[in-house]
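**Q** A predicted structure for the sequence below; I have some questions about it.
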Amino acid sequence: MTIWREKAFTISTVKEDLDIETIFNFLNQESYWAKGVPREVVEKSIENSPLCFGIYKEDVEGTCKQVGFARIITDLATFAYLCDVFVLPNYRGLGLSKWLIDVITNHSQLKGVRRMMLATNDAHSLYAKYGFEQIDKPELFMQITRKNVYKHGTNN
C-alpha cells in the first residue's frame, strides 16, 4: 500500500478505498473501451489486479471523493499492462492524469518490469512523456478480440 499527496488530492493503492460505483459508472457509461461492461466484471478485474490506483479529492470536511482511477495487470516481474485510466470530467485539466502516470511509471513494484504496455485512442502525447513508445515490431504481437462480449454475457 502506498499513498501520495499533492494539495487537496491523494493517489492511493489501497483497494479498500476504491469507490467501485464511481469506477463502474465511468467504465460502463462514459469510457470508449469498456462501455456496457457489467459491474461483476469491473469488480473481478479490480480484485485480480495487483495494483489499482485511485485519485481522491478531499473536501473541507475531510471527506474523500474518488475522481480518477488506473489499473495494472501484471506479474510484477516481467510484464505490466496499464488500463482503465480515467479522470472524471470535472477534474480534468488539473494535471491529475500526468501525476497519476508519473506515480505509476515510477512505482517501486513496476520499475523492474521489462515491458509495460497500454492501448489508447487519444492520449499518445501524454503517455509519450513517460517513456511509452509505439510498438517497434507490431508484427510480433497478436490478439484475440471478442467484440460485444458484454452484450452477450460471455465474460465469465
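**A** Ah, there it is. Numbers count the residues shown, from 1 in each chain.

**Q** And the contacts of the lowest-mean-pLDDT helix or strand in the chain?
**A** Least confident helix or strand, the chain: helix 149-152 with a mean of 73, by mean pLDDT, DSSP states H and E. Residues outside helix 149-152 that contact it (C-beta atoms under 8 Å, 6 or more residues apart in numbering) are 34, 36-38, 41, 155. C-beta: built from backbone N, CA, C; applies to glycine.

**Q** ChimeraX command for the buried members of those?
**A** Buried members of these, identified by 16 or more other C-beta atoms under 10 Å, are gathered into one ChimeraX selection as follows:
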select :34,37,41
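
**Q** Let me know the closest of the contacts of helix 149-152 to Gln134.
**A** Lowest distance from Gln134 to the contacts of helix 149-152 (C-beta to C-beta) belongs to Ala34, with 23.2 Å.

**Q** Quick check: pLDDT value at that closest one.
**A** According to the prediction, Ala34 has pLDDT 94.

**Q** Check Asn155 too.
**A** Reported pLDDT for Asn155: 51.

**Q** and what of Glu61?
**A** As predicted, Glu61 sits at a pLDDT of 81.

**Q** Near it, how many other residues are there?
**A** Glu61 is flanked by 5 other residues according to other C-beta atoms under 10 Å.

**Q** For the helix or strand harbouring Thr10, which helices and strands make contact with it?
**A** Assigned by DSSP states H and E, Thr10 belongs to strand 9-12. Counting contacts by 3 or more C-beta pairs under 8 Å, 6 or more residues apart in numbering; DSSP states H and E, strand 9-12 packs against strand 3-6, strand 51-58, helix 96-105.

**Q** Many thanks, I have nothing further to ask.
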